[in-house]
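# only the shape, not the letters, is given here:
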């Protein structure tokens, strides 16, 4: 019998090292780029995705960030299932920057509808050459399942061949299970076969395992990241400590403004103060502690000139004026103008304010710049973009920058932005020693590329039998998708040229507004508007407000047609899986038809290959404060690799959507966004959390996106429930702004 394996998984959570390992001949693998994994002592490299150690551990390289969504569990689970590994021996390490790990699907989802080259052309022209490793668009599993499954199968075949050669049997008769290769009564650990296995050759056709009961796929195996997070041994960016390191805090001027005056003498009195670094539109203080640096920045009392944050009223006025312009038609079916001509129409206007990301961990980065070479430790969803931004700030080649991706304490899209990486690089060069920069909550909210505000004018014509004959959505919102693409891909001349060819509309800015309901005629118009406020990607993107427009207006039409809202939806829904979600949520939630006084509302959405329906129960406390009592969700996201991860993401998405719907509106105080504290954002606490039920519908369809799926349906479901409770309609987000 082989000796038992004893591994401390906390020590394996992030493996690595500078040693060289044995690699299989890459020519037999269908890839374009060479792998660049490194092996620690005793590890053997199998291609670009997996290493096996002589102690039996299986280290899987994962190109996606882990910020709570479970990618560091679901992705290695796929490979381990195909390999036949023992889950207790599986560990994770961040994949190195390499076009091999470029997330083509994630980039296509992020820039939804912006590039007319098609998904494959977009990936090959812009994503792969830039090594755009990206955690976005609920794409991790969909983008890498096939790659990881093939990598696991390849390693299994090579191990089987090594065992077969040792025993003189046919490798096809060998079985990989629980970290062993077996044949009859013979068995050998992966660890003892690894060195010989990489010398074997892969067959022309790579055999994949048939789906079998008892495998890892489809099981709620324990998360790999949780033990270290629970006992505190997991390292986040704020835990990094380097020799001779100092700490920094920053203050930024409003967009378009420059700093004209600073109280330097007051800053110098802060405890542990070392120096100031001034960069025109931002300033940073360095000190022996972060608190000292923060106190110094506060004492600076910066004065600025030029630029100004727009007021909430100014933003709303800009959006309303934009709705009166001609706009750009982005999608249509039938002739809406003909359907509307001379007919009685139903119209409603909706307004959505900007929303902050407000993750628990603020932006931070540690930088060390020595001998023309920069090292960065930071929580990032796009390490290549962080590398390029830091290199550009210092004027050095990107090859001179090494990025160490850290665990991320939440992101919701904020981690895509590379600003903090460039700032930390400049500070390290100025200080001539390692610097850890951490944004205060006030600074992060001031620099937050908010979810863009939007206004919609929804118009429809009902037929005599209550059917919808025509539907038009006019949406005014900044061209945030184009702006994001310019920020992230603007360094690529081809991408920049493609963006310049875009028309007046921005499909990414109105994504999700093309109805999945069956209307004889519909039209979608985008009315771009500049509001003077930075905007960016926010969890679920434009779907977070377009679903609010669609599902709220549909509810209004159902009531206008004297129809029960659930039946009204089912009658015009062409997607059978979505209908099943609706009927399941209604049955589990005890749907009473949304009648007056019931406090029940329902909404649904189809998104990134997945479907969800949500029944909400809500009421007004003291006649004016909206409260959510219950949320019942039914989800069909296709085949589930780890059902518990799916459930966690749906529950988290429901709470995130509720926080955005009921949270404090963003205003401006002293030229900066307000409120400036996490506690003032009116985020839901435990006492505010409703009873939540999530039903996962079994499906053999291909996996769909999950991490953003629940967010879009929350606001409309609550709005519809509040209408049923009180008899008046809230058409503004967040609801507290209109209560």
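Arrived safely. From a predicted model like this one, the values you see are computed outputs, not experimental measurements.
# from here on, contacts and neighbour counts on C-alpha atoms
Fine.
# just the element for the residue nearest the centre of the chain, please.
Centroid check for the chain by Cα atoms, centre = their mean gives residue 136 as the closest residue, at 4.1 Å. Following DSSP states H and E, there is no helix or strand that holds residue 136.
# please list all residues in contact with it.
Residues in contact with residue 136 (Cα atoms under 8 Å, 6 or more residues apart in numbering) are 106-107, 109-110, 381, 413.
# repeat the analysis, applying 6 Å as the threshold.
Residues counted as contacts of residue 136 (Cα atoms under 6 Å, 6 or more residues apart in numbering) are residue 106.
# make residue 1 into 14 and carry on from there
Sure thing, new numbering starts at 14, so read that last one as residue 149.
# how much space separates it from residue 430?
12 Å (Cα to Cα, to the nearest Å).
# what do you get for residue 140?
Taken as Cα to Cα, the span from residue 140 to residue 430 is 16 Å.
# what about the helix or strand where residue 86 lies, distance to the chain center?
Residue 86 belongs to helix 84-96 when assigned by DSSP H and E. Centre-to-centre, helix 84-96 and its host chain are 20 Å apart (Cα atoms, centre = their mean, to the nearest Å).
# what do you get for stretch 66-80?
With Cα atoms, centre = their mean, you get 21 Å for stretch 66-80.
# number of nearby residues for the closest residue in space to residue 196 that isn't next to it in sequence?
Distances taken as Cα to Cα, 6 or more residues apart in numbering place residue 187 nearest to residue 196, at 5.0 Å, with adjacent residues excluded. Using other Cα atoms under 10 Å, residue 187 has 22 neighbouring residues.
# how far away is residue 187 from residue 207?
From residue 187 across to residue 207, the span is 15 Å (Cα to Cα).
# cool, and residue 645?
48 Å.
# same thing with residue 482?
65 Å.
# looking at these two, which has the bigger crowd around it?
Using other Cα under 10 Å, the more surrounded residue of residue 482 and residue 207 is residue 207, with 25 against 18.
# and the strands in the stretch 614-752 of the chain, which stretches?
For the stretch 614-752 of the chain, the strands defined by DSSP state E, counting those that start in this stretch occupy 623-634, 638-649, 680-682, 685-687, 704-709, 745-746.
# surely the residue nearest to residue 196 and residue 197 touch.
No: using Cα atoms under 6 Å, residue 187 is not in contact with residue 197, being 8.4 Å away.
# report the buried residues of stretch 272-283.
By neighbour count on 16 or more other Cα atoms under 10 Å, the buried set for stretch 272-283 is 272, 275, 277, 280-281, 283.
# can you check stretch 105-115 too?
In stretch 105-115, counting by 16+ other Cα under 10 Å, buried: 105-115.
# span of it from start to end?
Span of stretch 105-115 from end to end, Cα to Cα: 18 Å.
# determine how far it lies from the middle of the whole chain.
The chain centroid and the centroid of stretch 105-115 are separated by 18 Å under Cα atoms, centre = their mean.
# could you give me the average pLDDT of that stretch?
For stretch 105-115, mean pLDDT rounds to 91.
# need the strands of the stretch 614-752 of the chain in a markdown table with distance to residue 173, can you?
Output for these, formatted as a markdown table (distance: least, Cα to Cα, whole Å):
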| stretch | distance to residue 173 |
| --- | --- |
| strand 623-634 | 37 |
| strand 638-649 | 37 |
| strand 680-682 | 63 |
| strand 685-687 | 60 |
| strand 704-709 | 37 |
| strand 745-746 | 58 |
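# those strands into CSV, with extra columns for distance to residue 542 and mean neighbour count?
Shown next, in CSV, are the strands of the stretch 614-752 of the chain (distance: least, Cα to Cα, whole Å; neighbours: other Cα atoms under 10 Å):
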stretch, distance to residue 542, mean neighbour count
strand 623-634, 31, 25
strand 638-649, 31, 22
strand 680-682, 19, 15
strand 685-687, 20, 21
strand 704-709, 38, 17
strand 745-746, 19, 24
